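Enquirer: got a sequence here, can you build the structure:
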Amino acid sequence: MRIGTQIVEAIEAHTALRGAAARAKALDWLKRVGIPEPERRIDDYPFRLSGGQKQRVMIAIALAAEPEFLVADEPTTALDVTIQKQILDLLRELQRERGLGLMLITHDLGVVAGMAQTVALMYAGQIVEVASAKDFFATRGTPTLGCCCAPCPTPASAAASSRRSPAACRRCGAASRVAASPTAATACSSAATAPSRR
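Expert: Got it, this is the predicted structure:
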């Protein structure tokens with residue numbers, strides 16, 4: 001199914017727009033989420049898009065339904081910094097314009113700091129802390145939060161400390177996936193510190 005057809009389907013299912021008006025609105029959503037050449041791309045199939053473009057199309061489909069409350073699970077993953085900012089600015093704008101409720105699920109604490117009013121921290125599938133964003137980032141009281149915000153070893157320091165064992169977080173001792181993930185060098189994620197269930 002072409003991406004324009006998918007967006008139009010969401011628009012027609014959840015709004016009063018039909019036909020050409022729904023297609024024009026779909027085109028507008030593609031522009032708003034930063035799809036290049038939206039007039040041409042609206043008739044593309046998903047396999048012709050990059051991973052980041054597919055993610056933006058999914059955000060357009062969700063927003064095209066004009067929801068009152070949006071659950072955004074890792075909405076900026078795999079997007080470059082410019083498009084990430086564009087998507088987050090769009091979500092903020094929709095919150096202001098429509099009073100959109102937003103639950104943002106992310107491992108990116110920079111996104112949390114810039115977007116959240118209230119933060120719930122999850123560890124091993126359970127909410128372990130709820131606080132205002134201001135208090136959350138001002139306090140390092142819990143071991144989990146301390147781990148999330150503490151820097152992990154860099155690949156160079158990990159190699160220097162031990163070539164036989166994985167690098168460990170300076171706060172919690174959890175193995176860091178620095179070799180597999182470049183972002184692991186800047187912060188531990190709760191996924192990296194959660195116990196394995198193998």
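Enquirer: where does this protein have its least confident helix or strand?
Expert: Least confident element among the helices and strands of the chain, by mean pLDDT, DSSP states H and E: helix 190-193 (a mean of 37).
Enquirer: quick check: chain neighbours aside, which residue is closest to M103?
Expert: Distance criterion CB to CB, 6 or more residues apart in numbering; nearest residue to M103, sequence neighbours excluded, is V71 at 4.8 Å. Any C-beta I mention is one placed from the backbone N, CA and C, and that applies to glycine too.
Enquirer: A strand includes the one you found, no?
Expert: Yes. Counting by DSSP: H, G, I helix; E, B strand; the rest coil, V71 is located in a strand.
Enquirer: surely it and I105 touch.
Expert: Yes. V71 is within contact range of I105, at 7.1 Å (criterion: CB atoms under 8 Å).
Enquirer: A20: neighbouring residues, count only.
Expert: By other CB atoms under 10 Å, 9 other residues sit near A20.
Enquirer: in which helix or strand would I find it?
Expert: In this structure, A20 sits in helix 19-32 according to DSSP states H and E.
Enquirer: what about that helix, average pLDDT?
Expert: Helix 19-32 shows a mean pLDDT of 95.
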